[in-house]
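Trainee: Requesting a structural model of the entry that follows:
(one chain, ligands or ions: 1)
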Amino acid sequence: MLMPMVVPAQLWQETGRWDKYGKELLRIKDRHDTDFCLGPTHEEVITDLVRDELKSYKQLPVTLYQIQTKFRDEVRPRFGLMRCREFGMKDAYSFHLDAACLDQMYQKMSDAYHRIFTRCGLSFRQINADNGSMGGSDSSEFMVTAKTGEDEICDCSSCGFAGNQEILVEDCCPQCQGKLTRVRGIEVGHIFKLGDTYTQAMGVTVLTHTGSSDVVTMGCYGIGIGRTVAAAIEQHHDDKGIKWPMALAPYRVDVIITAMKNNALVNAATRFFETGNANGVECILDDRNESVGVKFKDAELIGFPYQVIFGRLWVAEQKVEVVFRMTGEKQELSVQDAMTVVSKAGMV
Ligand SMILES: [Zn+2]
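Mentor: Take a look at the predicted model:
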């Protein structure tokens, strides 16, 4: 679904967050002098929607999600995608009859987030976190480790435990007593057990199987989309540019033609490009009238996982050079074998 970005203040007043949320909530007025805010998160909106829709326990559990622009009036917005005031987010909200059912969904979401961030080629830690202004009981954050990260996390190299700074007070690992090291992290996902914080305040009840009326239990789950991409770049780059993990790359293969005046070479490269795309291997063709140096530099800067180079080697031996950006590995292959290599490459 897609929820409104401009949200009536009245909904935020119902939960008390209109006063509690602070200056990150951008408050605006319309022409009738009525208060609104730009949604930094959408618990109030979704709760308002479901209180009219949910009548019976038979409709539960239900999870609704959107991919939408959010706005948070950050004190110190930064350049790039890391801390923008306006950002893209995937936010999901689940509703349940009881805490046990919420626990199950929370675990499923946690598992799904592990798969998503793993598939994105990210090295990350899941840590228990403070629910802060969200309310509720448990929450955990998914932090991508990166030197430039804005949060400090503690990491146990013996058992894999990770926690936030507060754990430093204890000074060794609470699970295995091993030594903790400090690393920096970028938050890319956060999942919350909200319990009945919102549903109680806004009166979301359903009829149970015994005919009584019960307050619904809620969870919410967010992924910062731009931040995930920015974090991937922080983890995978060198001084020449980006090294895209396969699942996030804009194109898997950059097909580079080194001599645009050689028609046979241009045709062979174009055939490779067309065959790749026809078979689900996303290729882009660099057929610009630029020097070879410019083409190689751009390929490294943009960071396509593979470069397939149609140049002197093809003219001499009908072979291409295949460069794997992540490791710098180079192979000289027949056109057929090159296609096999770029087609079979795993997602990460
Ligand atoms: Zn440990």
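Trainee: what about the chain, any weak spots by pLDDT?
Mentor: Within the chain, the stretches with pLDDT under 70 are 79, 133, 167-168, 346-348.
Trainee: Which residues in stretch 244-259 does the neighbour count mark as buried?
Mentor: 244-249, 251-258 (16 or more other CB atoms under 10 Å). The way it works is simple: take the backbone N, C-alpha and C, and place the C-beta from them, glycine included.
Trainee: closest to the ion among those residues?
Mentor: Distances from the ion to those, taken as CB to the ion, are shortest for Pro245 (27.7 Å).
Trainee: Keep only those of the buried residues of stretch 244-259 that are in strands.
Mentor: Judged by DSSP state E, those include Val253, Asp254, Val255, Ile256, Ile257 as members of strands.
Trainee: The third one reaches Val266, doesn't it?
Mentor: No. With contact defined as CB atoms under 8 Å, Val255 and Val266 do not form a contacting pair (10.7 Å).
Trainee: Could you pull out the helices in the stretch 101-250 of the chain for me?
Mentor: 197-201, 225-235 (DSSP state H, counting those that start in this stretch).
Trainee: Tell me which of these sits nearest to the ion.
Mentor: helix 225-235 (22.9 Å).
Trainee: then the closest one to CSV, C-alphas only?
Mentor: The C-alpha trace of helix 225-235 is given here as CSV (Å, rounded to 0.1, in the frame of the first residue of the first chain):
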residue,chain,number,x,y,z
ILE,A,225,16.7,1.7,1.3
GLY,A,226,19.2,4.5,0.4
ARG,A,227,21.2,3.8,3.5
THR,A,228,21.5,0.1,2.6
VAL,A,229,22.9,1.2,-0.8
ALA,A,230,25.2,3.8,0.9
ALA,A,231,26.4,1.2,3.4
ALA,A,232,27.2,-1.3,0.6
ILE,A,233,29.3,1.3,-1.0
GLU,A,234,31.1,2.1,2.3
GLN,A,235,31.9,-1.6,2.6
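Trainee: and it, what does it pack onto?
Mentor: strand 86-96, strand 139-145, strand 180-195 (3 or more CB pairs under 8 Å, 6 or more residues apart in numbering; DSSP states H and E).
Trainee: Just the C-alpha atoms of the longest one, please, in CSV.
Mentor: I take that to be strand 180-195. The C-alpha trace of strand 180-195 is given here as CSV (Å, rounded to 0.1, in the frame of the first residue of the first chain):
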residue,chain,number,x,y,z
LEU,A,180,35.0,-7.2,23.0
THR,A,181,36.3,-4.9,20.3
ARG,A,182,34.7,-1.6,19.2
VAL,A,183,33.6,-1.3,15.6
ARG,A,184,31.6,1.4,13.9
GLY,A,185,28.3,0.6,12.2
ILE,A,186,25.6,2.1,10.0
GLU,A,187,22.0,1.2,10.9
VAL,A,188,20.2,-0.2,7.9
GLY,A,189,17.2,-1.9,9.5
HIS,A,190,15.3,-1.9,12.7
ILE,A,191,12.5,-4.2,13.9
PHE,A,192,10.2,-3.5,16.9
LYS,A,193,7.8,-5.3,19.1
LEU,A,194,5.4,-2.5,19.8
GLY,A,195,2.9,-4.5,21.8
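Trainee: and that strand, anywhere near the ion?
Mentor: No. Judged by CB under 5 Å from the ion, strand 180-195 stays clear of the ion, getting no closer than 7.7 Å.
Trainee: how far off strand 139-145 does that strand point, in degrees?
Mentor: 140 degrees (axes from the mean of the first three to the mean of the last three CA atoms, to 10 degrees).
Trainee: Point out the other helices and strands that strand 180-195 packs with.
Mentor: helix 99-119, strand 124-128, strand 139-145, strand 151-156, strand 217-224, helix 225-235.
Trainee: who wins for proximity to the ion among these?
Mentor: That would be strand 151-156 among the helices and strands packed on strand 180-195, by CB to the ion, at 3.2 Å.
Trainee: quick one: strands adjacent to the closest one?
Mentor: Taking DSSP bridges as the criterion, strand 151-156 forms sheet pairs with strand 162-164 (antiparallel), strand 180-195 (antiparallel).
Trainee: Contacts for it, please.
Mentor: Strand 151-156 is contacted from outside by 125, 127, 143, 145, 161-165, 167-168, 173, 175-176, 178-187, using CB atoms under 8 Å, 6 or more residues apart in numbering.
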